[in-house]
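# Structure of the sequence below:
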Amino acid sequence: MRIVKYKPDDQVINNQATLQDDEDLFFTVRPGEWWVFELWLIVFTSTSTTPDFKYAIAVPEPTPPIPLYYGSGGEFRRNADETAIVGTVVYTPGTEIVSGISAGVHRPVLIKGYIWNNGSVNWTVKLQWAQNVATPENTRVCQGSHLIAHRVA
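Below you'll find the predicted structure:
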């Protein structure tokens, strides 16, 4: 099974450092299922680099830590041996990850991971995001950002 979701419109926050659920980018995992997922975000901050951008992957507790791979902007470069350079972390769901975003440009943010529902009820896996520093400027996750998720077991 495969799920693809696109943001049909920009989602805007202003002066907000508290993580909020993304309106469009989420999916459901049933008990015993394994899923791999990718979030391809286009993020824009207005006039300064102060707000930056932070995000988290929210799932119900208790959840075992999940491997998560991520990168943004200039982090999408390659070594001489053609291996991609991105951050890697054994991620505890709900933990904030901060990504520096240049002012006035659209920046890509890539998040990849996999998750296993070891519970007994359906889980909704959600992207949450906010400004890293509350700033009275618009920060947007832009139209065209998308989620691709595959059930693998």
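# Flag the helix or strand of the protein with the lowest per-element mean pLDDT.
Every helix and strand of the chain was ranked by mean pLDDT, DSSP states H and E. The lowest is strand 77-78, at a mean of 39.
# low-scoring stretches of the protein, by residue?
48-50, 61-94, 100-102 (pLDDT under 70).
# just so I have it, where are all the strands in it?
2-6, 11-14, 20-29, 34-45, 53-58, 66-72, 77-78, 84-85, 87-91, 97-99, 106-116, 123-130, 138-141, 146-151 (DSSP state E).
# As a markdown table, those strands with mean neighbour count would be great.
Any C-beta I mention is one placed from the backbone N, CA and C, and that applies to glycine too. What follows is the strands of the chain, written out as a markdown table (neighbours: other Cβ atoms under 10 Å):
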| stretch | mean neighbour count |
| --- | --- |
| strand 2-6 | 12 |
| strand 11-14 | 16 |
| strand 20-29 | 17 |
| strand 34-45 | 19 |
| strand 53-58 | 21 |
| strand 66-72 | 19 |
| strand 77-78 | 10 |
| strand 84-85 | 12 |
| strand 87-91 | 13 |
| strand 97-99 | 17 |
| strand 106-116 | 19 |
| strand 123-130 | 20 |
| strand 138-141 | 21 |
| strand 146-151 | 18 |
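# I'd say residue 129 and residue 19 touch.
Yes - between residue 129 and residue 19 there is a contact at 6.6 Å, judged by Cβ atoms under 8 Å.
# so what sits against both of those two?
By Cβ atoms under 8 Å, 6 or more residues apart in numbering, residue 129 and residue 19 have these common neighbours: 54, 55, 56.
# Excluding chain neighbours, what is closest to the last one?
Counting by Cβ to Cβ, 6 or more residues apart in numbering, the nearest residue to residue 56 once its immediate chain neighbours are dropped is residue 128, at 4.7 Å.
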